[in-house]
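K.L.:
Quick one, what's the 3D model for this:
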Amino acid sequence: MGPVPLRIEDYALLGDTETAALVGIDGSIDWLCMPRFDSAACFAALLGDEDNGRWMIAPAGAVRRTTRCYREGTLVLETEFETDDGTVRVVDCLPPRDVLPDVVRVVEGVNGRVPMRMQLTIRFDYGRVVPWVRRRGDGTLLAVAGPDALTLRCGVETRGENMTTVADFTVEAGARIPFSLVWHPSHERAPERPDPLEAVESTAAWWREWSGRCRYQGRWRDAVVRSLITLKAMTYAPTGGIVAAATTSLPEQIGGVRNWDYRYCWLRDATLILQSALDAGYTEEARAWRDWLLRAVAGRPQEMQIMYGAAGERRLTELELDWLPGYEGSAPVRIGNAAVEQFQLDVYGEVMDTLHQARCAGIEPSSYAWGVQRALLDHLKDRWREPDDGIWEIRGEQRQFTHSKVMAWVAMDRAIMTVEQFGLEGPVDEWRRTRAAIHEEVCERGYDADRGTFVQHYGSREVDAALLMIPLVGFLPASDPRVAGTVAAVERDLCPDGFVLRYRTEGVDAVDGLPPGEGAFLPCSFWLVCNLQLLGRTDDAERLMERLLALRNDVGLLSEAYDSDTGRLLGNFPQAFTHVGLLRAASLLG
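P.N.:
Down below sits the predicted model:
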């Protein structure tokens, strides 16, 4: 049945805007959380071996060639297997949610007569819980453990083998054999579901209608549309929140410990997400994200977090799952994220910028938005001089990070602009004084005149890819020689292969308190594209853009990092921050 796990880039995404699954190029679903993104997984083979839960449908014999693609403008995946006996296609989707989530798989005979095998291994709670499986009178299979249940409906005979449900069947040309798996609370009977064949077509139509509204018509349109679909798939539709990735604990270095849970919503992504949605013409999604943001941060300003759950949950306790060996032995496997307790100044700038951009786009403000913003600014003016944990959630000591101060400046700047443009009331003279003080301090203490570059934190001689945001947020124009000097320093110190590292993870000035080593960070690489374009280095910007797009897997997806030595994608997958960076770069390049 093939090795487990596959390479990260060998997976494709399914999503219904409330949860997501990863489908391998070998026909396996190795990751699925139900009923929502951050629920416990019922398929977790991605983080260990297949006994942790997976659903495989593939030819029983040798496969000569495998190709796959999404149906154009959709998240309906087609994987075609060519064998000595003929060719068969597996069509996968998560239909748009009505109440409960389900996975639909249809096996289609293309030519010949192909023996097939299905193996369904259900393990709730990230591979820890083996359910009780029984056949019901209507021929369906019901798997139950605690609060969770999965009901399998399929068009072939199944049997049990070694705690796994299996089926052997043959597909002839023109045949279509449906499978569906629905999650439901174990105390409720599985609901009736639409015919799987109809569900595939209606799912494709839903996605085509949505993606067809994209108004971007530039040279990078295919990549833009795929990135927008990916972001939509990682949207939690009931609230408008957008999770950073569909997975947890896919490593930033194979065999390393930088394995984090990204199934939450980060404020650092806020402005870029909103701008990307607006640029592409998706005002409703931008409004929903703005509304999620306001609900999430509402409350006492000192309690604002850097991330929240998909519905705005605040308690994201980090746990280590010691029964899972991790992706290619990359342990520990974590759920929850302890970084939720960190203090990061940059999130104030992200919140203020997002809400300002929403007003500028004509998204009507809520009645309490400005009150929340003023409370956050009152808190920030008393704390902006403090050290913080920085945008990268370091697990070392707090520092006076230059990017954090820049984003504190952004918060004050956008508040001033809001008063000036929209006539809202506030202590604008005080905000102007604070904005000027931050700017002066950053240019004095965050800039190394000898080297001609801004630095990672005050007193450091290192650079940080987050400094590439300086011209993108308007702290200094790209024409300022200090910006060009910083870009040159990033290219010299953080781009060993042309792609951008976040920062150097080894050496006397390393800040994160973890063992060294990680891949190039793809969002920052797209930020470099933007900087090169703003500096008038259009040819360099377009060359880097093309190199980055070439890193996408065969269905157009990117994770957060890339290892040039092995030519592999790294980190949680797919990564919203990366696809948002792609969208920003494409918009700037035209």
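
K.L.:
contacts for stretch 218-232?
P.N.:
With C-beta atoms under 8 Å, 6 or more residues apart in numbering as the test, stretch 218-232 has contacts from 13, 15, 17, 70, 73-75, 207, 210-211, 214, 216, 242, 273, 276-277, 280, 282, 285, 545, 549, 552, 555-557, 574, 576, 579-580, 582-583, 586-587, 589-590. From N, CA and C alone the C-beta is placed, and that goes for glycine too.

K.L.:
Filter those down to the buried ones, ChimeraX style.
P.N.:
Selecting just the buried residues from the contacts of stretch 218-232 in ChimeraX takes one command, with 16 or more other C-beta atoms under 10 Å as the test:
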select :13,15,17,70,73,74,75,207,210,211,214,216,242,273,276,277,280,282,285,545,549,552,555,556,557,574,576,579,580,582,583,586,587,589
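
K.L.:
So which of the contacts of stretch 218-232 are in strands?
P.N.:
In strands, defined here by DSSP state E, the members of the contacts of stretch 218-232 are 13, 15, 70, 242.

K.L.:
would you turn those residues into CSV with pLDDT and distance to residue 120?
P.N.:
Compiled in CSV, those are given as follows (pLDDT from 0 to 100; distance: C-beta to C-beta, whole Å):
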residue, pLDDT, distance to residue 120
13, 98, 20
15, 98, 21
70, 98, 24
242, 97, 31
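
K.L.:
now for those, which pair is the farthest apart?
P.N.:
By the measure C-beta to C-beta, 70 and 242 form the most distant pair in those, at 19.7 Å.

K.L.:
For residue 291, give its distance to residue 243.
P.N.:
Using C-beta to C-beta, to the nearest Å, one gets 16 Å for the distance from residue 291 to residue 243.

K.L.:
likewise residue 402?
P.N.:
Note on residue 402: its distance to residue 243, by C-beta to C-beta, is 28 Å.

K.L.:
Same check on residue 250?
P.N.:
Separation of residue 250 from residue 243 (C-beta to C-beta) stands at 14 Å.

K.L.:
out of those two, which sits in the more crowded spot?
P.N.:
When residue 250 and residue 243 are compared on other C-beta atoms under 10 Å, the one with more neighbours turns out to be residue 250, at 32 against 27.

K.L.:
From what I see, that one and residue 568 are in contact.
P.N.:
No. Counting by C-beta atoms under 8 Å, residue 568 is not a contact partner of residue 250; they are 11.2 Å apart.

K.L.:
overlap in contacts of those two?
P.N.:
With C-beta under 8 Å, 6+ apart as the test, residue 250 and residue 568 both reach residue 8.

K.L.:
To which secondary structure element type does the most far-flung residue of the chain relative to its centre belong?
P.N.:
Among the C-alpha atoms of the chain, the one most distant from their mean position (C-alpha atoms, centre = their mean) is that of residue 137, at 41.2 Å. Secondary structure for residue 137, judged by DSSP: H, G, I helix; E, B strand; the rest coil, is coil.

K.L.:
list the contacts for residue 314?
P.N.:
303, 305, 308, 340.

K.L.:
Quick check on the residues you listed: which are buried?
P.N.:
Members of the contacts of residue 314 that pass the buried threshold by neighbour count (16+ other C-beta under 10 Å) are listed as 305, 308, 340.

K.L.:
Hmm, residue 286 and residue 277 touching each other?
P.N.:
Yes. Judged on C-beta under 8 Å, residue 277 makes contact with residue 286 at a distance of 4.0 Å.

K.L.:
which stretches of the stretch 251-400 of the chain form helices?
P.N.:
270-279, 283-297, 346-360, 369-381 (DSSP state H, counting those that start in this stretch).

K.L.:
What helices and strands are in contact with the longest helix anywhere in the chain?
P.N.:
For the chain, the longest helix by residue count, based on DSSP state H, is helix 402-422. Helices and strands touching helix 402-422, by 3 or more C-beta pairs under 8 Å, 6 or more residues apart in numbering; DSSP states H and E, are helix 346-360, helix 369-381, helix 428-445, helix 469-472.

K.L.:
Select, out of those helices, the one closest to residue 89.
P.N.:
helix 346-360 (42.3 Å).

K.L.:
In PDB, please show the C-alpha coordinates belonging to that closest one.
P.N.:
Extracted as PDB, the C-alpha positions of helix 346-360 are listed here (Å, rounded to 0.1, in the frame of the first residue of the first chain):
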ATOM      1  CA  ASP A 346       3.200  43.300  16.300                       C
ATOM      2  CA  VAL A 347      -0.400  42.100  16.700                       C
ATOM      3  CA  TYR A 348      -1.600  45.600  17.700                       C
ATOM      4  CA  GLY A 349      -0.400  46.900  14.400                       C
ATOM      5  CA  GLU A 350      -2.000  44.100  12.500                       C
ATOM      6  CA  VAL A 351      -5.400  44.700  14.200                       C
ATOM      7  CA  MET A 352      -5.300  48.400  13.600                       C
ATOM      8  CA  ASP A 353      -4.200  48.100  10.000                       C
ATOM      9  CA  THR A 354      -6.800  45.500   9.200                       C
ATOM     10  CA  LEU A 355      -9.700  47.500  10.600                       C
ATOM     11  CA  HIS A 356      -8.400  50.600   8.900                       C
ATOM     12  CA  GLN A 357      -8.200  48.800   5.500                       C
ATOM     13  CA  ALA A 358     -11.700  47.500   6.000                       C
ATOM     14  CA  ARG A 359     -13.000  51.000   6.500                       C
ATOM     15  CA  CYS A 360     -11.100  52.200   3.500                       C
END
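
K.L.:
Can you list the low-confidence ranges for the stretch 1-150 of the chain?
P.N.:
Counting by pLDDT under 70, the stretch 1-150 of the chain shows low-confidence ranges at 1-5.

K.L.:
Now do the helices in it.
P.N.:
Listed in chain order, the helices of the stretch 1-150 of the chain (DSSP H, counting those that start in this stretch) span residues 124-127.

K.L.:
any idea which of the ones in strands among the contacts of stretch 218-232 is closest to residue 113?
P.N.:
Proximity of the ones in strands among the contacts of stretch 218-232 to residue 113, judged by C-beta to C-beta, is greatest for residue 70, which lies at 27.5 Å.

K.L.:
In contact with the closest one, which residues?
P.N.:
With contacts defined as C-beta under 8 Å, 6+ apart, residue 70 is in contact with 12, 76-78, 226, 229, 555-556.

K.L.:
I'd like the distance between it and residue 391.
P.N.:
Distance check for residue 70 against residue 391: by C-beta to C-beta, it reads 32 Å.

K.L.:
Residue 19 contacts residue 38, correct?
P.N.:
No. Counting by C-beta under 8 Å, residue 19 does not reach residue 38; the two are 9.0 Å apart.

K.L.:
quick one: which of those two has more around it?
P.N.:
Neighbours around residue 19 and residue 38, counted as other C-beta under 10 Å, are more numerous at residue 19. The numbers are 27 against 21.

K.L.:
list the contacts for that one?
P.N.:
For residue 19, the contacting residues are 32-37, 39, 94, 101, by C-beta under 8 Å, 6+ apart.

K.L.:
if you set the cut-off to 6 Å instead, what comes out?
P.N.:
The neighbourhood of residue 19, defined by C-beta atoms under 6 Å, 6 or more residues apart in numbering, consists of 33-34, 36-37, 101.

K.L.:
Okay, and which of those residues map to strands?
P.N.:
With DSSP E as the criterion, strands contain residue 33 from among those.

K.L.:
For residue 266, which non-adjacent residue is closest in space?
P.N.:
Closest residue to residue 266 in three dimensions, ignoring its sequence neighbours and counting by C-beta to C-beta, 6 or more residues apart in numbering: residue 307, at 4.8 Å.

K.L.:
Does the one you found touch residue 262 like I think?
P.N.:
No. Residue 307 lies out of contact with residue 262 (C-beta atoms under 6 Å); the separation is 9.3 Å.

K.L.:
Just want to check the distance between residue 473 and residue 384.
P.N.:
Taking C-beta to C-beta, one finds residue 473 at 15 Å from residue 384.

K.L.:
what do you get for residue 562?
P.N.:
In this view, residue 562 and residue 384 are 34 Å apart by C-beta to C-beta.
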